[in-house]
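Enquirer: structure here, sequence nowhere to be found:
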């Protein structure tokens, strides 16, 4: 039998490293685009202030990028070390996007990061601007391929189980790439990164303006962050709605758990703004509901229902029973690979094989499971509803708060009179909000698909390596200490760079812009 503590510790270790790594990724995404925009303005206007802005924010980007690379490598190794059976079972599918990410996206990004920092005096202004845009493109490509891999875990399309190799194998790589869940996650995640970068620039610029330092640089940075942030925050909300719609077809249980919808409501379903979901009595107490909204979000219609948890558990029980036929056929094929009847039986019920594997939590041979164990296994498909319910609402609250921050900032910066000091204080206080929303959003995405590591295909508890509880506790402690030290280093470097401020160049505008003999721009 699987040791539950071993599984929980394996999940905890990967969650800690993943959440820590994702402290750096969104800021890298957001700053890369902002740097490209700032340098484009510099090339178009030939004003040194935009060059100084690009170089200053580029230093903060570089510090963050280095920590992101260091923590990301650890995660790559964990797939093989902590999740050996997962890597064996789906490595043919999952490994391809990760390999492409490393060979194409990360190398592209890393190469142009070097050119960005060391090419200021060696490249023309236009060439350096192209380098910066390619660096930003590589950053986004990295996110694309990672999310293609993660999206496949949420919605395993373009692959099938091969009874001859006993593994999942790719049948349609185009379907893997254009997986609708992966594409929805990509645009939503990237937009969230843009919000993170914009909030960071807005907050640091607000801090400078409060203290009367680097006024010209801070004012321009504040304006561009306000505009870029408002567009990004609006897109995050819209694309988040699209991600919710994608759950209706692919992860109905996650959607029902997020909404704490125990029973299927008559269409169109209402949206619960807040309430108190209880696993004990399977009800949501003190709920405040908005009619129709959930039906519109989940189905884009007013006549289609959203299935509740109880109905989805009943469907899971049916799939477990059907999956037992596939499991029995697979065991027969292990004995005789030429058993035609077993191959036919496996083909008919193969889609539900993963549901039969849920019984291994209770019994070594799922075919020996009792009725009570089958019902218990069906209920394991329900994630912890209260955690998802409140986490999702916290994420949404942060998103709308940030939308308000950017809208307010842009409103005041567009007016001719001087902006109030409380606006800059608000910008500084808003800095943590995108990180809270992003980390909570990843929790909802990953915790919400439990008990699956591959949705409907492979339960999480079957995917771990046999490392032993002591080894996991030791490595979790080691990672905590190491990442704690790295966090201190990161924060100290970032704060030191911010306190120091930009290095204002003294090169004439026309030379700094790379156009010798160009007319002096208006100041």
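Expert: Yep, it's here. Not measured: the values here are computed from a predicted model.
Enquirer: next SSE downstream of the lengthiest helix in the chain?
Expert: Secondary structure of the chain per DSSP state H: the longest helix is helix 215-250. For helix 215-250, the following helix or strand on the C-terminal side (DSSP states H and E) is helix 252-259.
Enquirer: helix or strand next in line after that next one, which one?
Expert: Downstream of helix 252-259, the first helix or strand assigned by DSSP H and E is strand 271-278.
Enquirer: ok, back up a step: quick check: mean pLDDT of the longest helix of the chain?
Expert: Averaged across helix 215-250, the pLDDT comes to 87.
Enquirer: distance between the ends of stretch 462-477?
Expert: One end of stretch 462-477 sits 24 Å from the other (CA to CA, to the nearest Å).
Enquirer: I misspoke; the intended subject was stretch 301-315.
Expert: End to end - CA to CA - stretch 301-315 spans 23 Å.
Enquirer: report the buried residues of that stretch.
Expert: 305, 306, 307, 308, 309, 311, 312, 313 (16 or more other CB atoms under 10 Å). (C-beta placed from N, C-alpha, C; glycine too.)
Enquirer: walk me through the domains of the chain.
Expert: If you go by automatic domain parsing, the domain ranges for the chain are 4-251+383-502, 309-379.
Enquirer: what's across from the nearest residue to residue 293 once chain neighbours are set aside in the sheet?
Expert: Once flanking residues are discounted, residue 293 sits nearest to residue 271: 3.7 Å by CB to CB, 6 or more residues apart in numbering. Beta-bridge pairing of residue 271 under DSSP bridges involves residue 290.
Enquirer: what about residue 271, neighbour count?
Expert: Other residues near residue 271 number 18, with proximity taken as other CB atoms under 10 Å.
Enquirer: swap in residue 134?
Expert: A count of neighbours around residue 134, defined by other CB under 10 Å, yields 18.
Enquirer: do the same with residue 432
Expert: Count around residue 432 with other CB under 10 Å applied: 11.
Enquirer: against residue 482, how distant is residue 488?
Expert: Using CB to CB, to the nearest Å, residue 488 is found at 11 Å from residue 482.
Enquirer: out of those two, which sits in the busier spot?
Expert: Higher neighbour count among residue 488 and residue 482: residue 482, with 14 against 10, using other CB under 10 Å.
Enquirer: ok, and the closest non-adjacent residue to residue 146?
Expert: Leaving aside its chain neighbours, residue 146 sits nearest to residue 101 (5.8 Å; criterion: CB to CB, 6+ apart).
Enquirer: residues contacting that neighbour?
Expert: Residues near residue 101 by CB atoms under 8 Å, 6 or more residues apart in numbering: 141, 142, 144, 145, 146, 149.
Enquirer: again, only this time at 7 Å
Expert: Residues in contact with residue 101 (CB atoms under 7 Å, 6 or more residues apart in numbering) are 142, 145, 146.
Enquirer: residue boundaries of the strands in the chain?
Expert: All strands of the chain, identified by DSSP state E, fall at 159-162, 167-170, 271-278, 283-290, 452-454, 458-459.
Enquirer: between those, which one is closest to residue 53.
Expert: With CB to CB, the closest approach to residue 53 among those belongs to strand 271-278: 40.8 Å.
Enquirer: identify the residues contacting that closest one?
Expert: 259-260, 284-290, 293-294, 297, 385-386, 389, 393.
Enquirer: farthest-apart pair in the residues you listed, please.
Expert: Within the contacts of strand 271-278, 285 and 297 form the most distant pair, 22.7 Å apart (CB to CB).
Enquirer: between the two, which one's more packed in?
Expert: The neighbour comparison of residue 285 against residue 297 (other CB under 10 Å) goes to residue 297, with 21 against 10.
Enquirer: residues contacting the more buried one?
Expert: 241, 244, 245, 271.
Enquirer: wait, which of those residues is closest to residue 418?
Expert: Set against residue 418, the nearest of the contacts of residue 297 by CB to CB is residue 241 (37.2 Å).
Enquirer: neighbours of that closest one, just the number please.
Expert: By other CB under 10 Å, the residues close to residue 241 number 16.
Enquirer: OK, contacts around the closest residue to residue 295 other than its chain neighbours?
Expert: Once flanking residues are discounted, residue 295 sits nearest to residue 268: 2.6 Å by CB to CB, 6+ apart. For residue 268, the contacting residues are 292, 295, 296, 302, by CB under 7 Å, 6+ apart.
Enquirer: neighbour-wise, give me the winner out of the residues you listed.
Expert: residue 295 (22 neighbours).
Enquirer: my guess is that residue contacts residue 269. True?
Expert: Yes. With contact defined as CB atoms under 7 Å, residue 295 reaches residue 269; the gap is 4.4 Å.
Enquirer: overlap in contacts, these two.
Expert: With CB under 7 Å, 6+ apart as the test, residue 295 and residue 269 both reach residue 306.
Enquirer: ok so, going back, which strands and helices sit next to the longest helix of the chain?
Expert: Packing partners of helix 215-250 (3 or more CB pairs under 7 Å, 6 or more residues apart in numbering; DSSP states H and E): helix 25-45, helix 48-81, helix 180-211, helix 252-259, helix 293-299, helix 385-413.
Enquirer: format the ones you listed as JSON lines; extra columns: distance to residue 113.
Expert: Listed next are the helices and strands packed on helix 215-250 as JSON lines, based on distance: least, CB to CB, whole Å:
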{"stretch": "helix 25-45", "distance to residue 113": "9"}
{"stretch": "helix 48-81", "distance to residue 113": "6"}
{"stretch": "helix 180-211", "distance to residue 113": "16"}
{"stretch": "helix 252-259", "distance to residue 113": "36"}
{"stretch": "helix 293-299", "distance to residue 113": "39"}
{"stretch": "helix 385-413", "distance to residue 113": "27"}
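Enquirer: gap between the closest residue to residue 287 other than its chain neighbours and residue 445?
Expert: Nearest residue to residue 287, sequence neighbours excluded (CB to CB, 6+ apart): residue 275, at 3.4 Å. Distance of residue 275 to residue 445, computed by CB to CB: 22 Å.
Enquirer: repeat that for residue 396.
Expert: On the measure of CB to CB, residue 396 and residue 445 end up 14 Å apart.
Enquirer: can you give me the helices in the stretch 351-500 of the chain?
Expert: Ranges of helices in the stretch 351-500 of the chain, per DSSP state H, counting those that start in this stretch, are 353-357, 371-379, 385-413, 421-429, 432-447, 469-500.
Enquirer: just say which of the ones you listed is most tucked in.
Expert: Comparing these by mean neighbour count (mean count of other CB atoms under 10 Å), helix 353-357 ranks first with a mean of 24.
Enquirer: hmm, who's touching that one?
Expert: 161, 316, 319-320, 323-324, 326-327, 366, 456-459, 462.
Enquirer: try 6 Å
Expert: 319, 320, 323, 324, 326, 327, 366, 456, 457, 458, 459 (CB atoms under 6 Å, 6 or more residues apart in numbering).
Enquirer: and these as JSON lines, adding neighbour count, pLDDT and distance to residue 337?
Expert: Converted to JSON lines, the contacts of helix 353-357 look like this (neighbours: other CB atoms under 10 Å; pLDDT from 0 to 100; distance: CB to CB, whole Å):
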{"residue": "319", "neighbour count": "21", "pLDDT": "94", "distance to residue 337": "26"}
{"residue": "320", "neighbour count": "25", "pLDDT": "95", "distance to residue 337": "26"}
{"residue": "323", "neighbour count": "24", "pLDDT": "92", "distance to residue 337": "21"}
{"residue": "324", "neighbour count": "20", "pLDDT": "93", "distance to residue 337": "21"}
{"residue": "326", "neighbour count": "25", "pLDDT": "91", "distance to residue 337": "16"}
{"residue": "327", "neighbour count": "23", "pLDDT": "92", "distance to residue 337": "16"}
{"residue": "366", "neighbour count": "23", "pLDDT": "92", "distance to residue 337": "21"}
{"residue": "456", "neighbour count": "20", "pLDDT": "89", "distance to residue 337": "25"}
{"residue": "457", "neighbour count": "19", "pLDDT": "91", "distance to residue 337": "22"}
{"residue": "458", "neighbour count": "23", "pLDDT": "92", "distance to residue 337": "22"}
{"residue": "459", "neighbour count": "24", "pLDDT": "93", "distance to residue 337": "25"}
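Enquirer: great, nothing more from me.
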